[in-house]
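In: okay, structure incoming, though there's no sequence with it:
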C-alpha cells in the first residue's frame, strides 16, 4: 500500500479505527477487546509516543471513545482527547534563550505596561500579569529574542473556538466551532479529533432488518486512493457490505440548478455546499445570513433522491469533510443523511476487511455530469452555476463570482460584502484551501489532486447539467 498518511498522529488514529472496525465485524465488544487493540496499535518494544507505553495505551483508550463517539451518542463533532494534549504553553510573547542581556534593554523601554523585568544577569523576563500582548517588546529587541508563541490549535482556529482550559488542556467552545478541522490537522499531538460513526455504520451493514444501506460518495474520491482506480474504490465499497453506491455528483447537479435559480431571483448569494463556510457566516458575519443560499448541499440532495425512492434506506455519505458530520445533524440534512464517514475512515474500513484495491474489478458509475464531478475543487461551484444559468437560456444575466479559496479568502470576501465593496453577485466559499479535494477528512493532500478531478470529470458521460 502506498503512503497515505502525513504523520504519526494520523497513523495512530487510523490504526485505532481499523482495529475498532475489525472487532465490530467479529462481534466483539470493543472495550472488551481493548488489550488486543492497544497491543496492535502500540506494540511492545517500539519507542513510545509519550513518556511511556502506559500513557500511550491510555491515549488509545480515549481515541477508542472518539471512534465510538456517535455509537454512544456523543453529539459534539470536534472533541479533544484530553490525555493526548501536551498542554502547550499559554499563547503570547515570551523571551527565549537568545536574549543576550544587552545594555540597552530596548524591550523594557518599549513596554507600555512596565511588564519587562531584568534579572541579575541582565536577561529580560515578561510578567504575564502585566503583559497586554502588544508585541512592542518583540519589535524593539535587536536580537529577535522575543517571540510570539501560539498554540498550534489556537493559531489556526478562525473563530477562537479552541482555547486553554483551567487544567491546561485544550477545550472546544462548541458555540463557536465551525468544524473546519484546522485544529485537528495542525495539532502535532493529535489531541483534537472528530467523532466517528464507523462502528454504527458497521452495525447497520450487519443488521438483518431489510433496510438497504446506500453509500453516497463525494467526487473528490477520485484523488484519494493512489493504489487503485476510482472504479475499484466503488467496488471495494460494495465489498465492505454496502448495498448500493451512488455518486454525489448527481446531487451537485441539482444544487447547481437550484442555486442558479435562487441567484436569478435574489441577485446576490453565498453558496451552501461547504457547511464550515455557512457556519462561519452565522458566527462571524450574522449580518450577511440573509444572503446564504437556502439550496440543499450536494450531499443532502443525493440523500433526498434516494429517500424519495426508498423511504427505508440508510444513507451514508462518504467524503473528504469532517464538517459534513455537523451538517448531517442540521435540519436541512437530517431527514436525508443517516451517517457520515470521511475517506480517512473509509480506508480503515477497507483494511478492516483486508481489501486490496488493485486486485478488484471496476464498477463504473455515471450518476452525475462533468460539472457535478468537478464541484469539489475550488472554482467548481461557480463554474457549475455559470453553466446552469447558461443552459437556462439566461445569458442576459452576468454571473460575477468571487472564488474564496480557504478561510482567509472567505473572510476577505465577506468583509468586502459587509462593507458593500464586493464587485460580485455570488461568493463561492470553501474553507479548505483547494476546495473539498483537500478537505480535513482526506488521506493525503496530494499536489496533483486537480489533475485527478479534471480527468474524472472529463470521463463523465453527461457533459451538461440540465
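Out: Nice, I can see it. Quick caveat, the model's predicted, so the values are computed rather than measured.

In: any idea of the pLDDT on residue 3?
Out: pLDDT for residue 3: 54.

In: cool, and residue 98?
Out: The score at residue 98 is 93. That number is its pLDDT.

In: three-state assignment of it?
Out: Under DSSP: H, G, I helix; E, B strand; the rest coil, residue 98 falls in the coil class.

In: surely it meets residue 124?
Out: No - the criterion here is C-beta atoms under 8 Å, and residue 98 misses it with residue 124 at 10.7 Å. Any C-beta I mention is one placed from the backbone N, CA and C, and that applies to glycine too.

In: quick one: common contacting residues for the two?
Out: Any residue near both residue 98 and residue 124 by C-beta atoms under 8 Å, 6 or more residues apart in numbering counts here, and that gives residue 145.

In: so for these two, which sits in the more crowded spot?
Out: Between residue 98 and residue 124, counted using other C-beta atoms under 10 Å, residue 124 has the larger neighbour count: 22 against 11.

In: measure the more buried one to residue 150 for me?
Out: Residue 124 sits at a distance of 20 Å from residue 150 (criterion: C-beta to C-beta, to the nearest Å).

In: can you tell me the element residue 318 falls in?
Out: Per DSSP states H and E: residue 318 is located in strand 314-319.

In: partner strands of that strand, parallel or antiparallel?
Out: Using DSSP bridges, strand 314-319 pairs in its sheet with strand 213-217 (parallel), strand 339-342 (parallel).

In: tell me which residues in the longest one are buried?
Out: With burial defined by 16 or more other C-beta atoms under 10 Å, the residues of strand 213-217 counted as buried are 213, 214, 215, 216, 217.

In: next: stretch 44-52.
Out: Neighbour-count burial for stretch 44-52, counted by 16+ other C-beta under 10 Å, picks out residue 49.

In: measure that stretch end to end?
Out: End-to-end distance of stretch 44-52 (C-alpha to C-alpha, to the nearest Å): 11 Å.

In: for that stretch, give the mean pLDDT please.
Out: 80.

In: same question, stretch 457-464
Out: Stretch 457-464 comes out with an average pLDDT of 95.

In: then stretch 395-411?
Out: Averaged over stretch 395-411, pLDDT sits at 95.

In: one more: stretch 122-133?
Out: The predicted model assigns stretch 122-133 a mean pLDDT of 93.

In: what's the first-to-last distance across that stretch?
Out: Using C-alpha to C-alpha, the end-to-end distance of stretch 122-133 comes out at 22 Å.

In: ok, and what's touching that stretch?
Out: By C-beta under 8 Å, 6+ apart, the list of residues contacting stretch 122-133 from outside reads 90, 92-95, 99, 101-103, 105, 107-108, 112-119, 137, 145-146, 148.

In: quick check: which ranges of this structure have low pLDDT?
Out: Low-confidence segments of the chain (pLDDT under 70): 1-3, 444-448.

In: tabulate the strands paired with strand 314-319 (TSV), appending distance to residue 33.
Out: Formatted as TSV, the strands paired with strand 314-319 follow (distance: least, C-beta to C-beta, whole Å):
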stretch	distance to residue 33
strand 213-217	24
strand 339-342	21
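
In: so which of those strands gets nearest residue 74?
Out: Nearest to residue 74 among those is strand 339-342 (13.8 Å), distances taken as C-beta to C-beta.

In: now the closest one: how far from the chain's centre is it?
Out: Centroid displacement of strand 339-342 relative to its chain, using C-alpha atoms, centre = their mean, to the nearest Å, is 12 Å.

In: show me what the very next helix or strand once past that strand is packed up against.
Out: Using DSSP H and E, the helix or strand that follows strand 339-342 in sequence is helix 343-352. Secondary-structure packing of helix 343-352 (3 or more C-beta pairs under 8 Å, 6 or more residues apart in numbering; DSSP states H and E): helix 8-25, helix 198-206, helix 230-240, strand 314-319.

In: looking at those, which is closest to residue 51?
Out: Residue 51 sits nearest to helix 8-25 of all the helices and strands packed on helix 343-352, at 15.7 Å, using C-beta to C-beta.

In: what packs against the next helix or strand after that closest one?
Out: Counting by DSSP H and E, the next helix or strand C-terminal to helix 8-25 is helix 34-41. Applying 3+ C-beta pairs under 8 Å, 6+ apart, one finds that helix 34-41 contacts helix 8-25, helix 53-67.

In: turn the ones you listed into TSV, including distance to residue 188 and mean neighbour count.
Out: Below are those laid out as TSV (distance: least, C-beta to C-beta, whole Å; neighbours: other C-beta atoms under 10 Å):
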stretch	distance to residue 188	mean neighbour count
helix 8-25	7	21
helix 53-67	14	20
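
In: would you reformat those helices as a markdown table and include distance to residue 73?
Out: Shown next, in a markdown table, are those (distance: least, C-beta to C-beta, whole Å):
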| stretch | distance to residue 73 |
| --- | --- |
| helix 8-25 | 16 |
| helix 53-67 | 12 |
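
In: residue 77: which of these is closest?
Out: helix 53-67 (10.7 Å).

In: same for that closest one, what does it pack against?
Out: In terms of contacts (3+ C-beta pairs under 8 Å, 6+ apart), helix 53-67 is packed against helix 8-25, helix 34-41, strand 192-194.

In: out of those, flag the one nearest residue 81.
Out: Between residue 81 and these, the tightest spacing by C-beta to C-beta is seen for strand 192-194, at 5.8 Å.

In: and the closest one, how far from the chain's centre?
Out: 10 Å.

In: what residues does it touch?
Out: With C-beta under 8 Å, 6+ apart as the test, strand 192-194 has contacts from 13, 63, 66, 77-81, 153, 162, 170, 172, 179, 181, 183-184, 322, 325, 342, 440-441.

In: not counting sequence-adjacent ones, nearest residue to residue 94?
Out: residue 149 (5.3 Å; C-beta to C-beta, 6 or more residues apart in numbering).

In: doesn't residue 95 make contact with that neighbour?
Out: No - using C-beta under 8 Å, residue 149 makes no contact with residue 95, being 10.5 Å away.

In: and the two? which has more neighbours close in?
Out: Set residue 149 next to residue 95 and count neighbours by other C-beta under 10 Å: residue 95 wins out with 19 against 14.

In: phi, psi for the closest residue to the more buried one other than its chain neighbours please.
Out: Excluding the flanking residues, the one nearest residue 95 by C-beta to C-beta, 6+ apart is residue 124, at 4.9 Å. Phi and psi for residue 124, reported as degrees, to the nearest 10, are phi -90, psi 150.

In: can you check residue 116 too?
Out: phi -100, psi 120.

In: surely it meets residue 137?
Out: Yes - under the criterion of C-beta under 8 Å, residue 116 makes contact with residue 137 at 6.0 Å.

In: thanks a lot, see you next time.
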